[in-house]
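**Q** coords please:
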Amino acid sequence: MVVPLPFIVNLYHDGVFRVNPFQYVNSDSKVIDDVSFDGMSFKDFFGTVRRLVIVSPISMYYKITSDPLTALKLIKTNEDLCSFVKACYENNFKIELFTEHSGYKIKAMIAEELHPKKHVSHVDLHVETITH
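**A** Numbering: from 1, shown residues only. From the prediction side, this is the model:
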């Protein structure tokens, strides 16, 4: 019988996502290197992560270690978890996992980071009039 290898998951938890620039701050971190997530259900995955953090996550996101934070992908289904496991295999068994426990709209924050709205710092209210 072949036993799946555990992954090296850098878990960032109990922090806060913020914008301008997009960051995960005030967090703790752990390395999970003794669990194989291969074949695990999302429910079991969530339970495993929940036991390792202080505040129960509302959502979890992952990214390849070398990718920017704006490359986060949501894990909320068994299918998402399969993508997470596949990404682990494709990246030498290493990945980063972030917990979110405040209900922030992370995808909207990422979109704002990648495509910032232009802010008007000065509006000229002077109206030109046409003279004849």
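**Q** contacting residues for Tyr104?
**A** 16-17 (Cβ atoms under 8 Å, 6 or more residues apart in numbering). All C-beta atoms are positioned from the backbone trio N, CA, C, and that covers glycine.
**Q** Pop out the phi and psi values for it.
**A** phi -70, psi 150 (degrees, to the nearest 10).
**Q** how far away is it from Phe22?
**A** 11 Å (Cβ to Cβ, to the nearest Å).
**Q** With Ser102 instead?
**A** Taking Cβ to Cβ, one finds Ser102 at 15 Å from Phe22.
**Q** Next up, identify which helix or strand the spatially most central residue of the chain is on.
**A** Central residue of the chain (Cα atoms, centre = their mean): Tyr61, 3.4 Å from the mean position. Per DSSP states H and E: Tyr61 is located in strand 59-63.
**Q** Tell me the helices and strands packed up against that strand.
**A** strand 73-75, strand 94-100 (3 or more Cβ pairs under 8 Å, 6 or more residues apart in numbering; DSSP states H and E).
**Q** in its sheet, what does the last one sit against?
**A** As defined by DSSP bridges, the strand partners of strand 94-100 come to strand 8-13 (parallel), strand 59-63 (antiparallel).
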